[in-house]
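# below are the sequence and a predicted model for it; my questions follow.
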Amino acid sequence: MSSSLYDWFFHETFHTIFLCTTTGMSLLSNGLLLYIIATTNASHIGPYRYLLAVFAACDIITSCGHAAFQPYMHMTKTGFYFFPRHGQMIIFGHSFDTIFALVFIATYYQTFLVLAYHFYYRYKTVTHGFTSSFTDGWKKRDWIYAGIVIYILYITGFVGICAIAFTPTPNTRANVPAEIMEIYNVNLADLRNGFTVISVKQRSEQTGEWEWHAGSVIGLFGLLGLFGGTASAILFCIYKTFSAIRSTDNKLTAKTRKMQMDLFFALLIQTAIPCLFSYLPLATILVFPAIS
């Protein structure tokens, strides 16, 4: 059973208040951003308006998905379980629990990819005119096509890895700890209940001992690789952008240089907040307990 110190965290009242508050703030703030983009003269924002609109739309989709799915995330000795709060999500007689879990995971991490787009756009804007690249001759449609292709590959990678490595198997269902039923009243051993589980150590069907599970280990590092790829791209663009703004080789006026530096620091703050309060804590929770 859960400790009385943390009982409030499992109660529906807390989750209802939390979800309504965060979802409402997301819809209000991102809706306001979309309204400002739509009503502001295009020349004042330029092509950056499209990237801002995509970011706002992705945030709205993620917030609505979180409110509809309302996932539980629970760490046990056998793995990290991710499942819907209200049990079976049946559509046309079939359970979509696992599918919704996979979609939510993908949409949760799409924000980090969109942030990478922001940093690359800032880098190309600052270095335009005094650096050369194979993308110099690209038109707007080329950037749109490239962004869509990268997005599809990134999301497909996340969903594919999770679907292969972390969806329920007879072994993971058989070893679901009793505490999940006791705390949440959700029976994950029931085939009608779907979930995802990161369990790098699983009980051997032959010996009954806990052993490293190769598929889950590879899947975990695959997710870290995708996440690390976007993080590396962001760090590269941060270094290049900061160097370009301070460089004496560019053609920026003092006013433009200050404006670009202000936009750059605003983007850094926009990235630091989710990294410090969401991605890094979640990565710590997933990786270190999973491999210990």
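Structure received. Numbers count the residues shown, from 1 in each chain.
# next SSE downstream of the helix or strand bottoming out on mean pLDDT in the chain?
For the chain, counting by mean pLDDT, DSSP states H and E, helix 7-10 ranks last in confidence among helices and strands (a mean of 56). Downstream of helix 7-10, the first helix or strand assigned by DSSP states H and E is helix 12-39.
# check which residues of that next one are buried.
In terms of neighbour count (16 or more other C-beta atoms under 10 Å), helix 12-39 has its buried residues at 19, 23, 26, 30, 33, 37. Glycine gets a C-beta too; all of them are placed from N, C-alpha and C.
# so the fourth one makes contact with residue 58?
No - taking contact to mean C-beta atoms under 8 Å, the distance of 9.0 Å between residue 30 and residue 58 leaves them out of contact.
# where do the strands sit along the stretch 151-292 of the chain?
Applying DSSP state E, counting those that start in this stretch to the stretch 151-292 of the chain gives strands spanning 196-198, 201-203, 210-212.
# pLDDT weak spots in the stretch 1-150 of the chain?
The stretch 1-150 of the chain contains residues with pLDDT under 70 at 1-12, 15, 42-46, 78, 86-91, 93.
# can you give the contact residues for stretch 251-267?
Contact with stretch 251-267 is made by 118, 119, 122, 125, 126, 129, 130, 241, 242, 245, 250, as judged by C-beta atoms under 8 Å, 6 or more residues apart in numbering.
# hmm, I was thinking of stretch 94-108
58, 61-62, 65-66, 69, 71, 82-84, 88-90, 155, 158-159, 162-163, 167-168, 192-196.
# how far does that stretch sit from the chain's center?
13 Å (C-alpha atoms, centre = their mean, to the nearest Å).
# my guess is residue 75 is in a strand, correct?
Yes - Residue 75 sits within a strand when classified using DSSP: H, G, I helix; E, B strand; the rest coil.
# partner residues bridging it?
Counting by DSSP bridges, residue 75 is bridged to residue 80.
# how many neighbours does it have?
Counted by other C-beta atoms under 10 Å, the residues lying close to residue 75 total 13.
# cool, and the one 4 residues further on?
Using other C-beta under 10 Å as the criterion, residue 79 is surrounded by 24 other residues.
# for the closest residue to it other than its chain neighbours, grab the count of nearby residues.
Counting by C-beta to C-beta, 6 or more residues apart in numbering, residue 79 lies nearest to residue 199, which is 2.9 Å off, once chain neighbours are set aside. Neighbourhood size, residue 199 [other C-beta under 10 Å]: 23.
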